[in-house]
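Peer 1: Using only what follows, build the 3D model:
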Amino acid sequence: MKVKSYKLEDIVVIEPLEKFLTGDEVKELEERLTETHSSGVSKLVIDFSRTDLIYSAFISVLLMYSQKFKQTGGTIKLANLGPEVEKVFKVTRLFQIFESYPSLDEALKSFKDI
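Peer 2: Numbers count the residues shown, from 1 in each chain. So this is what the prediction gives:
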């Protein structure tokens, strides 16, 4: 398993366990996102604490699921972006679409502040 997911109250956390998100990892992440969305979850945090770099295939999946979650009133938030992942999000302007937090706790708390 290259992706861990768990639920904290009404929030699902998906945590990629690989340093680089390519091929198989992206496929497994997409499967988890599909399961999460299909189960009616509306609050999702992706925790990048173990991920050093993401590639375009993952960005495409992330954008697709951002739309799907928004269409059903849900939100995807991001936590623990390392320097290289953060750079990718800045260059691609994904911070205009996604809220990002320096820690998982802060991302989880942000749902309570709504």
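
Peer 1: Now do the contacts for Thr51.
Peer 2: When contacts are counted by CB atoms under 8 Å, 6 or more residues apart in numbering, Thr51 touches 16, 18-21, 82, 85. For the C-beta atoms, the positions are set from N, CA and C on the backbone; glycine is no exception.

Peer 1: can we see that at 7 Å?
Peer 2: Under the criterion of CB atoms under 7 Å, 6 or more residues apart in numbering, the neighbours of Thr51 are 16, 18-19, 21, 82, 85.

Peer 1: Using the three-state scheme, assign it.
Peer 2: coil (DSSP: H, G, I helix; E, B strand; the rest coil).

Peer 1: Ile14 versus that one, what's the distance?
Peer 2: From Thr51 across to Ile14, the span is 11 Å (CB to CB, to the nearest Å).

Peer 1: Can you get me the start-to-end distance on stretch 50-63?
Peer 2: For stretch 50-63, the separation between the terminal residues is 21 Å (CA to CA, to the nearest Å).

Peer 1: Now it: buried residues?
Peer 2: For stretch 50-63, the neighbour count (16 or more other CB atoms under 10 Å) marks 51, 53-54, 57-59, 61-62 as buried.

Peer 1: who touches the worst-scoring helix or strand of the chain on mean pLDDT?
Peer 2: Within the chain, no helix or strand scores below strand 20-21, which has a mean of 74 by mean pLDDT, DSSP states H and E. Contact partners of strand 20-21, identified using CB under 7 Å, 6+ apart, comprise 29, 51-55, 58.

Peer 1: before we move on, back to that, which of the contacts of Thr51 lies closest to Val41?
Peer 2: Pro16 (17.5 Å; CB to CB).

Peer 1: Phi and psi next, for the closest one.
Peer 2: phi -60, psi 140 (degrees, to the nearest 10).

Peer 1: May I have the phi/psi pair for the closest residue to it other than its chain neighbours?
Peer 2: Distances taken as CB to CB, 6 or more residues apart in numbering place Thr51 nearest to Pro16, at 4.9 Å, with adjacent residues excluded. Note on Thr51: its backbone torsions stand at phi -110, psi 130 [degrees, to the nearest 10].
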